[in-house]
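Peer 1: After the sequence you'll find the predicted model.
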Amino acid sequence: DGGITQSPKYLFRKEGQNVTLSCEQNLNHDAMYWYRQDPGQGLRLIYYSQIVNDFQKGDIAEGYSVSREKKESFPLTVTSAQKNPTAFYLCASSIGWGDNEQFFGPGTRLTVL
Amino acid sequence: DQQVKQNSPSLSVQEGRISILNCDYTNSMFDYFLWYKKYPAEGPTFLISISSIKDKNEDGRFTVFLNKSAKHLSLHIVPSQPGDSAVYFCAASAFDNDMRFGAGTRLTVKP
């Protein structure tokens, strides 16, 4: 079964701690994305990667970092510099950058206490 | 800078009736539009799309209409079913550019 997995589904962290959210895809897609969803707002792009070993900042990259060492993996680290980290985080992938259909993972809800 | 707007946060319709979800955009460079459907605690799933060269695309009970002059698109669901209850996101993209999403509209279909 091809798809995107994100783990964990729910994550709790204390303020000031860094936390890494996992995203894995076995769709052989080149492009991967991280979005953040907050109530009443659309999905906002945090980081994207067009190809392995490359990534670019999205609209709200401050306080976040990513890596793309493998094609199938695109982990997101929420650092202590992110002022309001509590949110629902969605990872997505597409065949290539600019391909219109993105496939989403189930999301991770991060709560910072 | 919200380039894609869904001004109705929620919509409630009776089973069997038509659901109409609306979306407005400001960027005239957008040339591809999509609707995603999202159930609670799940990621969005692709529903239907339309290219700017068309003004209508139909897939079963779902039809998307595009009015380029008004920078407006809408999703029609006929007939609406309780299983259609979800949050619907409108999205738009320009060639080789990232996608912009609306804030979503929560559709509730009552039996």
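Peer 2: Nice, I can see it. Residues are numbered from 1 along each chain as shown, chains lettered A, B, ... in the order given.

Peer 1: For residue A:64, give its distance to residue A:80.
Peer 2: Using C-beta to C-beta, to the nearest Å, residue A:64 is found at 11 Å from residue A:80. Any C-beta I mention is one placed from the backbone N, CA and C, and that applies to glycine too.

Peer 1: Between the two, which has more neighbouring residues?
Peer 2: In terms of neighbours (other C-beta atoms under 10 Å in any protein chain shown), residue A:64 is the more surrounded of residue A:64 and residue A:80; the figures are 21 against 15.

Peer 1: residues contacting that one?
Peer 2: A:34, A:46, A:47, A:76, A:77, A:78, A:79, A:82 (C-beta atoms under 8 Å, 6 or more residues apart in numbering or on different chains).

Peer 1: which of these has the most neighbours?
Peer 2: Top of these by neighbour count (other C-beta under 10 Å): residue A:34, with 28 neighbours.

Peer 1: Across the sheet, point out what pairs with that residue.
Peer 2: Residue A:34 has these beta-bridge partners by DSSP bridges: residue A:47, residue A:91.

Peer 1: ok, now how distant is it from residue B:25?
Peer 2: 23 Å.

Peer 1: do the same with residue A:55
Peer 2: Residue A:55 is 27 Å from residue B:25, by C-beta to C-beta.

Peer 1: Of all residues in chain B, which one is closest to chain A?
Peer 2: Proximity of chain B to chain A (C-beta to the nearest C-beta) peaks at residue B:43, 3.3 Å away.

Peer 1: Hmm, residue A:46 and residue A:60 touching each other?
Peer 2: Yes - contact criterion C-beta atoms under 8 Å: residue A:60 and residue A:46 qualify, at 5.6 Å.

Peer 1: Checking my notes, residue B:83 in a strand, right?
Peer 2: No - counting by DSSP: H, G, I helix; E, B strand; the rest coil, residue B:83 is located in no strand; its state is helix.

Peer 1: Low-confidence stretches in the chain?
Peer 2: Using chain A. Low-confidence segments of chain A (pLDDT under 70): A:1-2.

Peer 1: You answered for a different chain; I wanted chain B.
Peer 2: Looking at chain B by pLDDT under 70, you get B:1, B:96-97.

Peer 1: Contact residues of it facing chain A?
Peer 2: B:2, B:4, B:6, B:9, B:32, B:34, B:36, B:41-46, B:49, B:89, B:93, B:95-104 (C-beta under 8 Å from any C-beta of the partner chain).

Peer 1: No more questions from me, cheers.
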